[in-house]
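Trainee: Take a look and give me a structure for this.
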Amino acid sequence: MADVDDAEEVEDEQQDHDDEENDNDNDDDDDDDQENENDEEDENNTQQSSAPKLTRTSATPAPIFDGSKWQLKVRPEVLTATSYDIVPTMAAPMATSVNAMSITPDLRYWMTGGSDGYIRKYDGPGTINGKTPLTVAQRHPFVESVTKAGILMSYWENAEPQPASTRAEDIVLSPVYSLAVNSSALWLLSGLESGGINIQSVRHDEGKRITCLQKHTNAVSVLTLSADEKSVLSGSWDKNIFDWDLNVGQVKRTFDGSGGQISALETRPMGGVLVPPEASVEELPSDTFFGNNGAPINGDFDFSLKSEANIGGNGGGNGADGAINGVLGHDDNGLADAQGSPAHDSLFGGSPAGSDLFGDNFGGEDDNEFSRAMMQDANAQEAQEAQEAQQAQQAQQTQVAPGENTMSDFDMTVSAGLDDLSRSMNSGIDNVPLDGTTDTQMTDFSQTMTTQPETTQPEVQTPSAFLHPESPSAAFVEAPTTHYDTTQTSNSTFLSASIDGPLRIWDRRAPNPIARIGNRHNVPPWCMGACWSHDGNWIYVGRRNGTIEEFSVAKARGGRGGWQPERTFKFPNGSGPVSCVRPMVNGRHLVCASHDILRLYDLRSDEKGTKHAPPPFLIVPGPPRAGVISSLYIDASSRFMLSAAGTRGWEGTSTEVLIGYEIGVPTNR
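Mentor: I've put the predicted structure just below:
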């Protein structure tokens with residue numbers, strides 16, 4: 001029985017083996033059939049697709065990651081914060097002036113450029129997490145909270161274009177005055193001292209020059225990428241602004257007429273109000289010599305910008321107004337100072353003039369007796385001419401027979417128009433003749449018209465000089481919105497600042513500026529940094545005399561009167577020039593940099609209204625005051641801030657360090 005059972009088991013195993021072989025054969029047959037079908041389909045596809053396939057290429061590759069994954073969100077408490085705690089925690093000391101800084105939106109890479117001709121790449125997350133601490137010697141110049149060291153990943157040269165056969169030791173390095181990095185850190189732009197713009201790879205073949213854009217004739221001081229990163233705005237020391245198309249490497253627009261070395265290019269945030277049409281009216285110089293160098297600060301004459309339009313009208317007699325302005329704490333233009341910033345007293349005591357070369361008395365020359373004598377003689381001569389003209393007109397009226405009409409309807413119309421013009425000029429309105437005629441010349445013209453015989457009455461037309469041209473921005477600016485996204489910027493409107501003081505607002509589709517901010521009396525002609533507010537409705541300008549001017553876009557004006565600031569924020573004497581300003585996301589605070597001291601200024605401090613109110617700003621701790629801040633960066637989530645110390649090629653000293661700050665919201669407020 002055992003043998004029978006063993007035989008049956010062997011037969012069963014043999015049967016199972018045969019079944020498996022049959023299944024494998026069937027599978028092989030199926031595979032052969034499938035391969036034959038695939039071959040037939042490939043032949044059919046090859047026959048059907050006889051035309052070659054087109055592949056679209058672009059100079060700007062697609063991002064290698066989903067942008068929404070790295071989108072930073074703003075904390076709700078930051079939007080409504082009444083104050084901030086900005087504490088320095090990171091530092092990257094360098095042995096060179098840090099002239100430029102560019103950060104990726106996700107804070108992964110920090111790019112810096114220095115005067116030594118090298119571009120450095122830092123690890124942002126590693127620095128924030130404190131993977132490498134500062135040494136004891138490195139921590140000495142900073143406050144106790146600075147303990148984390150910047151992690152340097154790599155560095156490379158910012159070299160001038162050279163032939164391919166140039167030896168490595170013959171390469172000429174250029175100081176880095178401007179930087180702009182791609183959001184994915186695939187490539188970056190760096191400005192050269194010769195006027196070129198290098199395009200270099202960052203994450204692959206670091207430092208390899210892809211091409212060099214050459215159009216400027218002097219150092220490129222500012223680079224601003226567009227939102228789509230397909231174009232870039234470049235400003236240079238040659239006083240030109242170019243709009244580059246990065247897909248072809250050519251200039252597609254040129255913005256001329258800046259008048260000075262470009263120091264800032266800032267794209268306007270989305271949702272701003274329309275720029276008024278009268279802001280595009282350009283100020284034309286007068287053909288009559290007029291100077292105000294001898295005007296005293298609080299003397300008998302007022303030769304401010306508002307009274308320049310009234311030449312020979314009300315040139316004097318403003319001593320009482322000057323005294324009132326001095327008591328109430330107003331500046332020369334009648335604008336109220338911010339709380340804690342009196343006109344004649346320092347915030348912490350002391351004389352406001354001090355030994356500063358560009359103090360509050362800039363432009364005033366009390367000892368210039370010759371200039372004051374010339375002004376008095378000019379006013380006396382104008383008064384005598386006006387009196388003689390009045391006497392001649394009265395003598396002419398006495399010779400006319402009673403009941404006879406001395407002026408025709410046309411003459412009366414012209415005379416009434418001239419009277420309206422005179423009143424407009426006295427009230428400070430910008431409707432002044434473009435040919436530079438004065439009130440005395442208008443009076444002579446009126447007398448000539450009254451002595452002419454009556455003729456036909458032509459239709460009186462309003463001169464084109466009295467009409468405000470329409471602003472080109474009225475058709476370009478988008479409608480204002482109620483919510484402002486800090487990451488969204490306008491693709492057409494931007495402002496430019498030059499180191500000699502003036503600012504201009506441009507539209508990419510208009511050849512000329514749509515608004516201008518010129519230099520004012522008693523304000524030094526200097527501007528190194530300016531910025532927009534987060535809603536795009538205000539402009540803040542840092543000046544050399546330790547002040548910040550606030551301009552309202554809705555109240556922009558052109559012509560001779562010019563665009564006047566709404567407020568002027570003054571810092572204590574000795575603060576130094578304000579080289580950089582940046583707004584906080586709550587729309588209430590400004591971060592102001594001057595001589596390596598950062599101040600958090602409260603724009604609503606004037607609402608307190610008390611004489612003994614605390615200072616309107618808080619000091620942000622950091623290194624000792626020894627240099628100029630070249631740039632400030634605040635990330636979109638308002639969690640971190642970076643400051644770079646450098647002169648940007650202009651005069652001054654710097655601490656040669658990159659500092660990182662952590663931004664918090666106090667819980668007890």
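Trainee: The helix or strand harbouring residue 88 pairs with which strands?
Mentor: Under the criterion of DSSP states H and E, residue 88 resides in strand 85-93. In the sheet, strand 85-93 lines up against strand 148-149 (parallel), strand 657-664 (antiparallel) (DSSP bridges).
Trainee: which other helices and strands contact whichever helix or strand comes after the first one?
Mentor: Note on strand 148-149: by DSSP H and E, the next helix or strand toward the C-terminus is strand 151-157. With contacts defined as 3 or more C-beta pairs under 8 Å, 6 or more residues apart in numbering; DSSP states H and E, strand 151-157 has these neighbours: strand 118-123. C-beta: built from backbone N, CA, C; applies to glycine.
Trainee: quick check: angle from the strand it packs on to strand 85-93?
Mentor: Orientation check (axes from the mean of the first three to the mean of the last three C-alpha atoms, to 10 degrees): strand 118-123 against strand 85-93 gives 130 degrees.
Trainee: can I get the CA coordinates of the helix or strand just after strand 118-123 in PDB?
Mentor: Next helix or strand after strand 118-123 toward the C-terminus (DSSP H and E): helix 124-128. Extracted as PDB, the C-alpha positions of helix 124-128 are listed here (Å, rounded to 0.1, in the frame of the first residue of the first chain):
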ATOM      1  CA  GLY A 124      19.700  80.300   5.000                       C
ATOM      2  CA  PRO A 125      18.000  77.500   6.900                       C
ATOM      3  CA  GLY A 126      21.300  76.300   8.400                       C
ATOM      4  CA  THR A 127      22.100  79.800   9.600                       C
ATOM      5  CA  ILE A 128      18.600  80.400  11.000                       C
END
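Trainee: Contacts for whatever helix or strand comes next after helix 124-128 next, please.
Mentor: Downstream of helix 124-128, the first helix or strand assigned by DSSP H and E is helix 136-139. By C-beta atoms under 8 Å, 6 or more residues apart in numbering, the residues outside helix 136-139 that reach it are 91, 93, 146-147, 149.
Trainee: How about residue 117: what's its closest non-neighbour residue?
Mentor: Using C-beta to C-beta, 6 or more residues apart in numbering and skipping residues adjacent in sequence, the residue nearest residue 117 is residue 173, 3.0 Å away.
Trainee: Let me see the backbone angles for that neighbour.
Mentor: Backbone torsions of residue 173, given as degrees, to the nearest 10, read phi -90, psi 150.
Trainee: residues contacting it?
Mentor: 116-118, 157-160.
Trainee: Could you rerun that using 6 Å?
Mentor: 117, 157, 159 (C-beta atoms under 6 Å, 6 or more residues apart in numbering).
Trainee: could you pull out the helices for this protein?
Mentor: Along the chain, counting by DSSP state H, helices occupy 2-48, 76-79, 124-128, 136-139, 305-308, 319-328, 369-399, 409-426, 439-451.
Trainee: By mean pLDDT, show me the worst of those.
Mentor: Of all the helices of the chain, helix 319-328 carries the lowest average pLDDT, namely a mean of 38.
Trainee: got any ranges where the stretch 51-200 of the chain has weak pLDDT?
Mentor: 51-72 (pLDDT under 70).
Trainee: neighbours around the spatially closest residue to residue 132 that is not a sequence neighbour, how many?
Mentor: Once flanking residues are discounted, residue 132 sits nearest to residue 149: 4.6 Å by C-beta to C-beta, 6+ apart. By other C-beta atoms under 10 Å, the residues close to residue 149 number 20.
Trainee: May I have the beta-bridge partners of residue 149?
Mentor: residue 91.
Trainee: Kindly provide the distance from the closest residue to residue 579 other than its chain neighbours to residue 648.
Mentor: Leaving aside its chain neighbours, residue 579 sits nearest to residue 528 (4.5 Å; criterion: C-beta to C-beta, 6+ apart). Separation of residue 528 from residue 648 (C-beta to C-beta, to the nearest Å): 8 Å.
Trainee: And for residue 612?
Mentor: 39 Å.
Trainee: Which one's more surrounded, these two?
Mentor: In terms of neighbours (other C-beta under 10 Å), residue 648 is the more surrounded of residue 612 and residue 648; the figures are 26 against 6.
Trainee: show me what contacts that one?
Mentor: Residues in contact with residue 648 (C-beta under 6 Å, 6+ apart) are 99, 177, 630.
Trainee: can you check residue 601 too?
Mentor: Residue 601 is in contact with 590, 592, 617, counting by C-beta under 6 Å, 6+ apart.
Trainee: Kindly state the beta-bridge partners for the first one.
Mentor: Residue 590 has the following beta-bridge partners by DSSP bridges: residue 583, residue 601.
Trainee: what's the answer for the last one, then?
Mentor: Partner residues in beta bridges with residue 617: residue 601, with DSSP bridges as the criterion.
Trainee: now the contacts of residue 601 as CSV including pLDDT, distance to residue 490 and neighbour count?
Mentor: Putting those into CSV (pLDDT from 0 to 100; distance: C-beta to C-beta, whole Å; neighbours: other C-beta atoms under 10 Å) gives the following:
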residue, pLDDT, distance to residue 490, neighbour count
590, 96, 21, 22
592, 96, 24, 28
617, 93, 30, 23
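Trainee: List just the nearest of those to residue 524.
Mentor: Of all the contacts of residue 601, residue 524 sits closest to residue 592, with 16.8 Å by C-beta to C-beta.
Trainee: In this structure the closest one contacts residue 579, no?
Mentor: No. Counting by C-beta atoms under 6 Å, residue 592 stays clear of residue 579, with 9.2 Å between them.
Trainee: neighbours around residue 107, how many?
Mentor: Residue 107, neighbours per other C-beta under 10 Å, totals 21.
Trainee: scratch that, residue 131 is what I was asking about
Mentor: Neighbourhood size, residue 131 [other C-beta under 10 Å]: 12.
Trainee: That one: what's its closest spatial neighbour, skipping adjacent residues?
Mentor: Per C-beta to C-beta, 6+ apart, closest to residue 131 is residue 151, 6.4 Å.
Trainee: So the one you found sits against residue 130, correct?
Mentor: No. Between residue 151 and residue 130 there is no contact under C-beta under 6 Å: 9.7 Å.
Trainee: Compare those two and say which one has the larger neighbour count.
Mentor: residue 151 (20 against 14).
Trainee: ok, which stretches of the stretch 451-600 of the chain are strands?
Mentor: For the stretch 451-600 of the chain, the strands defined by DSSP state E, counting those that start in this stretch occupy 489-498, 503-507, 515-517, 530-532, 538-542, 547-552, 567-570, 580-583, 589-594, 597-602.
Trainee: and residue 78, what is it in contact with?
Mentor: With C-beta under 6 Å, 6+ apart, residue 78 has these contacts: 585, 638.
Trainee: Now do it against residue 535, distance only.
Mentor: 16 Å.
Trainee: residue ranges with poor pLDDT in the stretch 451-600 of the chain?
Mentor: Within the stretch 451-600 of the chain, the segments meeting pLDDT under 70 span 451-487.
Trainee: give me that answer again for 80
Mentor: 451-488 (pLDDT under 80).
Trainee: now do the stretch 201-350 of the chain
Mentor: Scanning the stretch 201-350 of the chain for pLDDT under 80 picks out the ranges 257-258, 282-350.
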